[in-house]
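Visitor: take a look and give me a structure for this.
(one chain, ligands or ions: 1)
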Amino acid sequence: MPQPAPRPERPFTLGEVFDDEGALSWQERALCAQTDPEAFFPEKGGSTREAKRVCVSCEVRAECLEYALAHDERFGIWGGLSERERRKLKRRAI
Ligand code: SF4
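Guide: Sure, this is the predicted structure:
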């Protein structure tokens, strides 16, 4: 029986929350860290509405989107955009 693929995780659940100068990084202020992480990685065809609603109020939205674009994040909602929306944005920037 096929096993489901492991779900990607946010870097801030695993990684550093301080930058090189010891200041709090943007991940520390991520609004989604206080919500249901499942909403940010919906199944294919699943609703992204709830995650995007959270992103609208997030103070680090720009940093989050920049991170996702720089790291070529393929899955989930980052900076209020889906994978597809990020791909479109990248194509327009080229
Ligand atoms: S913009 Fe959205 S995905 Fe990014 S940190 Fe904020 S709430 Fe999380």
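Visitor: skipping its backbone neighbours, what lies nearest the residue nearest to the spatial centre of the chain in space?
Guide: Closest to where the C-alpha atoms of the chain average out (Cα atoms, centre = their mean) is residue 78, at 2.9 Å. Spatial nearest neighbour of residue 78, excluding adjacent residues (Cβ to Cβ, 6 or more residues apart in numbering): residue 68 at 3.4 Å. In this view, the C-beta of every residue, glycine as well, is placed from N, C-alpha and C.
Visitor: that neighbour touches residue 85, doesn't it?
Guide: No: using Cβ atoms under 8 Å, residue 68 makes no contact with residue 85, being 10.5 Å away.
Visitor: the two: which is more packed in?
Guide: Using other Cβ atoms under 10 Å, the more surrounded residue of residue 68 and residue 85 is residue 68, with 21 against 16.
Visitor: distance check, the more buried one against residue 40.
Guide: In this structure, residue 68 and residue 40 are 11 Å apart, going by Cβ to Cβ, to the nearest Å.
Visitor: got a list of what residue 63 touches?
Guide: Contact analysis of residue 63 by Cβ atoms under 8 Å, 6 or more residues apart in numbering lists residue 26.
Visitor: now it: how far from the ligand?
Guide: 8 Å (Cβ to the nearest ligand atom, to the nearest Å).
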